[in-house]
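Asks: missing the sequence, but the structure's below:
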């Protein structure tokens, strides 16, 4: 008979679960803010001598979002959860392919199966981290020729993140509709 988990272990798991939910929400809110305010960010190879509110805030909020996204990534990979969020990392692409086939048959894939929606969540997080890392590298190399290369990589990562985030939102909406329907 398996041993009962200690009270401290159970409290720690509950704390980490609650923290993970808050991290997801906080990362999502920061991501929305960063994308929504990005048209007012004005910098190319370096931070302007007198940056405006949105330019300066974008840099600081982006750094905070990167750090929080790294913490959220830790939650998404601990205790074997990486198999659900990054099924391709273990070579498990069969469930993703099956979910894609199911979509064409009118079935909504399961959210926690390590299939299509899990892979989509993982890819969205990877794209967000890539946007944060390239943004930090752009800032770090400010004033050099490499800064423009990092800016280009940052824009590609941001666009990939936006596309994946939209798909992620659609997947969540499908699950909510499926939940309400039954």
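Replies: Perfect, thanks for sending it. Because the structure is predicted, anything quoted here is derived from the model rather than measured. Numbering: from 1, shown residues only.
Asks: CA only for contacts and neighbour counts going forward, please
Replies: Noted.
Asks: check which helix or strand covers the spatially most central residue of the chain.
Replies: Geometric centre of the chain, nearest residue: residue 125, 2.3 Å, by C-alpha atoms, centre = their mean. Residue 125 is part of helix 116-140 when elements are defined by DSSP states H and E.
Asks: Could you list the buried residues of that helix?
Replies: Neighbour-count burial for helix 116-140 flags 116-139 (criterion: 16 or more other C-alpha atoms under 10 Å).
Asks: Could you do stretch 86-103 as well?
Replies: Residues of stretch 86-103 classed as buried: 86-88, 93, 95-96, 99-100 (neighbour count, 16+ other C-alpha under 10 Å).
Asks: if we can go back for a sec, tell me the mean pLDDT over the helix holding residue 125?
Replies: The average pLDDT within helix 116-140 is 94.
Asks: How about stretch 157-176?
Replies: 92.
Asks: hmm, who's touching that stretch?
Replies: Stretch 157-176 is contacted from outside by 108, 111, 117, 120-121, 123-125, 127-128, 130-131, 134, using C-alpha atoms under 8 Å, 6 or more residues apart in numbering.
Asks: Closest one to residue 155 out of those, please.
Replies: Nearest to residue 155 among the contacts of stretch 157-176: residue 131, at 7.5 Å, using C-alpha to C-alpha.
Asks: For residue 142, see how far away the nearest residue to the closest one once chain neighbours are set aside is.
Replies: Spatial nearest neighbour of residue 131, chain neighbours left out: residue 157 (4.8 Å); criterion: C-alpha to C-alpha, 6 or more residues apart in numbering. To residue 142, residue 157 is 18 Å away according to C-alpha to C-alpha, to the nearest Å.
Asks: No further questions, thank you.
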